[in-house]
Structure formats: C-alpha cells, structure tokens
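Colleague: fold the stuff below for me.
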Amino acid sequence: MNARLIFLEELNRLRHDILTMATRVEEDLGKAVTALRTNNAELAKEVTADDAVVNAMQLKIEDETAIVIATQQPVARDLREMVTILKITNSLERIGDHAVHLAKTVIKLSGEPPFRSSERMERMAETGRKMIRDSISAYLNQNADAARQAAALDDKIDEEHKALTEEVLSLMKEHPELIKQAIRLLNTSNQLERLGDHITNICESIIYMAEGKHEELNE
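Modeller: The predicted model follows:
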C-alpha cells in the first residue's frame, strides 16, 4: 500500500473517531437537558460520570493525530485538516464540560421547585445540540457554507441567554429569597452561551480547513 493510501486510511479513522466523540457529547448534552426538564438527578449523574469517557476520547484522537503528522508529514490541505481535527476535539471536550456543568446544576437544584427560566436553558441546549450535529456534518462533508449556517444558530442561543438574564435579574429583585437558586441558573446560562461559542470555533476551523482562510463568525 502506498503512502497516500495509508494516509487516507488513517485520516478516515480519525474522522470516524471525531464523529463518535461528537455523538457522545451531543447525547450527554441531551441527557442533561432531559434531566433539567424532569428534575432527574440520577440521569444528571450519568452525564457527570461520562466526562471521563469524553476526555479519554480527546486524548486518543490527539495522540493519533500527532502520530499521523509525524509519520506521514502532510502538507497544504491535508495539514490544515490535521490542525482542524485538533481544534475540533478540544472544542468538543469543552462542550462536554458545559454539559457536565448543566448536569451538576440539576443535581444541586433537585428537590427544589422548578424555575420557569429553565425552559430557556432547555432551548439553548437543544439549539446547541443541533449546532453540534450540523457542524460535524459540515466537517465530514468538507462544506464551509454548511459550517457558516451552523454557526449562525448561535444567535438563537445568545437571544435566549439575554432574555433569561433579564428575567432572572428581575425575579431576584422581587424575590430575594431565590437569589441562591437564581445565581446558579445565571451561571449555567453563561455556560450554555459559551457552548455556542465553542461550536462557532469549530465552524471557523472547518472554513479554514476547506478554504484556507481565517474567518470570524458571529462577531
């Protein structure tokens, strides 16, 4: 087997691993949202326990990518994809951290009455899940325009975050006894807002890979 075929085989393996990691992170975020909606602390604990699995996936992909770069010495477009793979795995790991943060909030708030603003967090997280799916699809299809479309969804997360912040701050003024709970929700909303930023970073990396240029999205 010639060197090019070996490289393509290893690259396809890395792409498969990226899809597996992204699917795991997206599923964990979905579990965290369900736990929030149903006040299910046990389901939330599954998400926190899964964090180690996601971290292990990241290290495996990074190690394999480093070996490919060292042994195959890719150049031009191939090297850009290697760099993009490293950026994607790092962002996916950070997104997984945000899912864990959401799950930990569910655990802390379990047993307390539901907070109406949690519906906004659910919508933020669901939009984040779609962004993950769309961005990874854009990567696998090497489609820069699809990456731009996926990043544009971050505006929805930002809008929900802004509205939630205003609602919670107003409620804190009216009901000081809820301040502790409200601060937790504000912190979690901040985490979900950053989640959208990490997916946008993935999309920027895909554009760099496909078109060879740096482009800032959702400024």
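
Colleague: tell me the pLDDT of the spatially most central residue of the chain.
Modeller: Centroid-nearest residue in the chain, with C-alpha atoms, centre = their mean: I95, separated by 3.3 Å. What the model reports as pLDDT for I95 is 95.

Colleague: what's the longest helix in the protein?
Modeller: Ranked by residue count under DSSP state H, the longest helix found in the chain is helix 3-38.

Colleague: from what I see, the residue nearest to the centre of the chain and G196 are in contact.
Modeller: No: between I95 and G196 there is no contact under C-beta atoms under 8 Å: 9.4 Å. In this view, the C-beta of every residue, glycine as well, is placed from N, C-alpha and C.

Colleague: about what we covered before: so how far is the longest helix of the chain from its chain's centroid?
Modeller: Averaging C-alpha positions (C-alpha atoms, centre = their mean, to the nearest Å) puts helix 3-38 11 Å from its chain's average.

Colleague: what is that helix packed up against?
Modeller: In terms of contacts (3 or more C-beta pairs under 8 Å, 6 or more residues apart in numbering; DSSP states H and E), helix 3-38 is packed against helix 41-72, helix 76-109, helix 118-140.

Colleague: relative to H214, how far out is the nearest residue to V54 once chain neighbours are set aside?
Modeller: Spatially, and ignoring its direct neighbours in sequence, V54 is nearest to G96 (4.2 Å; C-beta to C-beta, 6 or more residues apart in numbering). Plainly put, G96 is 25 Å away from H214 if you go by C-beta to C-beta, to the nearest Å.

Colleague: who has more neighbours, the two?
Modeller: Counted by other C-beta atoms under 10 Å, G96 and H214 do not tie: G96 has more neighbours, with 27 against 9.

Colleague: next up, the contacts around the more buried one.
Modeller: R24, V25, D28, D50, D51, V54, N55 (C-beta atoms under 8 Å, 6 or more residues apart in numbering).

Colleague: can we see that at 7 Å?
Modeller: Neighbouring residues of G96 by C-beta atoms under 7 Å, 6 or more residues apart in numbering: V25, D28, D51, V54.

Colleague: fine by me, thanks again.
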